[in-house]
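# structure of the sequence below:
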Amino acid sequence: MILEALRYPIIQAPMAGGPSTLALALAVTNAGAMGFLATGYGRAETTRQEIRELRSNTDRPFGVNVFIPAADHFDEQAVDVYLQTLDSEARRYGVEVGEPRNEEDEWSSFFAVLVDERPPAVSFTFGCPAAQEIAELQAHGISVWVTVIDPAEAVFAHAAGVNALIVQGVEAGGHRGGFEDRLDGEDLALLPLLRLTAKACDLPLIAAGGIADGPGLAAVLSAGAAAAQIGTAFMLADEAATHPAHREALATSAATGLTRAFSGRQARGIVNRFQVDHADAPRAYPQIHYATSPLRAQARKLGDSDGFNLWAGQAHSLAKARPAAEIVEGIAAGAAAALEDATARVVGKGDG
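Numbers count the residues shown, from 1 in each chain. Okay, here's the model as predicted:
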């Protein structure tokens, strides 16, 4: 299993839209953890070049994350109404609202790149590939992981034949990575989700959500995770391309919240003016993502942290600004110390 080859059970979360860089993935990988390339809204041929460059600079395992294409089901009238509320934002930033389109379908191109380049692992967000696609990737030596947010999704992905599950609690920053953006259902915190998923299926579990230091890593390993996927703690890394205004917000104790305001799909970020003013955003991904894209780009250009998404997990104030390798080593050392302390306390109680 690829996870067993890691020096540290730490996976750098793919953070599409800015923070993730090739340099970050390389630094994390060479530190003995596992870096990930975030394809996000990019292009397949760019991903091909990044895989080749990463492979040429490390002999350690790394991964590539790919979004499953969104189902084109949304309320057009609700989107039209929401776009009208964005007119004031467009005037504020002096740009036009973007076209609420679906992304160009590069799924087949991305899949071909994965098969050709054979990265050690591929993770999927927003859905699960078909069983035959999973089998084809595995036949080329690729470990296939899928993000799930409840035990039912875990059971489905297990049946499809995946190698591991990324179990994402509601504490996680950025988009909820489950199969669909539900309007109902329970949002499970990471620890109960880990235990329920372990009961539901027998696969390696990679815990994600609110893990930003050593004790957090120790907690999920104790709860049955094979590794932790950590994102927000790497957003202040020297190698991350996190916007300066976003970095400043991460260093505060500001509250986070779930919102559809920026993309039309639930995501957790530090609460700002845009998120509050557009709390009624409908479910329509990626249509709203593209509609707000020019507004967010201009807000970033102006350094206005109230006008673009400040994705962050609930433990964002624990993040520290330092090189990625130091973040890896610090979290790993903190986890070892926490586990040793916990073991001593458990043994001590038993002796008494």
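# surely residue 336 touches residue 217?
No. Assessed by CB atoms under 8 Å, residue 336 is found out of contact with residue 217, at 9.3 Å. The way it works is simple: take the backbone N, C-alpha and C, and place the C-beta from them, glycine included.
# of those two, who's got more company?
It is residue 217, of residue 336 and residue 217, that has more neighbours when counted by other CB atoms under 10 Å, with 27 against 14.
# how about the contacts made by the more buried one?
9-10, 211, 228, 230, 331-332, 334-335, 338 (CB atoms under 8 Å, 6 or more residues apart in numbering).
# which stretches of the stretch 151-300 of the chain have low pLDDT?
Scanning the stretch 151-300 of the chain for pLDDT under 70 picks out no residues.
# how far away is the residue lying closest to residue 43 once chain neighbours are set aside from residue 67?
Computed as CB to CB, 6 or more residues apart in numbering, the closest residue to residue 43 that is not its neighbour in sequence is residue 106, at 6.6 Å. Distance of residue 106 to residue 67, computed by CB to CB, to the nearest Å: 10 Å.
# who has more neighbours out of these two?
The residue with more neighbours, out of residue 106 and residue 67, is residue 67; 24 against 20, by other CB under 10 Å.
# longest single helix anywhere in the protein?
helix 324-351 (DSSP state H).
# so how far is it off the chain centroid?
On the basis of CA atoms, centre = their mean, to the nearest Å, helix 324-351 sits 25 Å off its chain's mean C-alpha point.
# does anything pack onto that helix? Which helices or strands?
strand 10-12, helix 22-30, helix 214-222 (3 or more CB pairs under 8 Å, 6 or more residues apart in numbering; DSSP states H and E).
# the stretch 51-200 of the chain: strands as residue ranges?
Applying DSSP state E, counting those that start in this stretch to the stretch 51-200 of the chain gives strands spanning 63-67, 121-125, 143-148, 164-168, 174-175.
# need those in TSV (columns: distance to residue 256).
Formatted as TSV, the strands of the stretch 51-200 of the chain follow (distance: least, CB to CB, whole Å):
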stretch	distance to residue 256
strand 63-67	22
strand 121-125	19
strand 143-148	19
strand 164-168	15
strand 174-175	11
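# of these, which is nearest residue 326?
strand 63-67 (21.4 Å; CB to CB).
# what's the closest one packed up against?
strand 36-38, helix 107-117, strand 121-125.
# return the most buried member of these.
Ranked by mean neighbour count, these are led by strand 36-38 with a mean of 28 (mean count of other CB atoms under 10 Å).
# contacts for that strand, please.
Taking CB under 8 Å, 6+ apart as the rule, strand 36-38 contacts 11-17, 20, 22, 25, 47, 50-51, 54, 62-65, 119, 123.
# partner strands of that strand, with direction?
strand 63-67 (parallel) (DSSP bridges).
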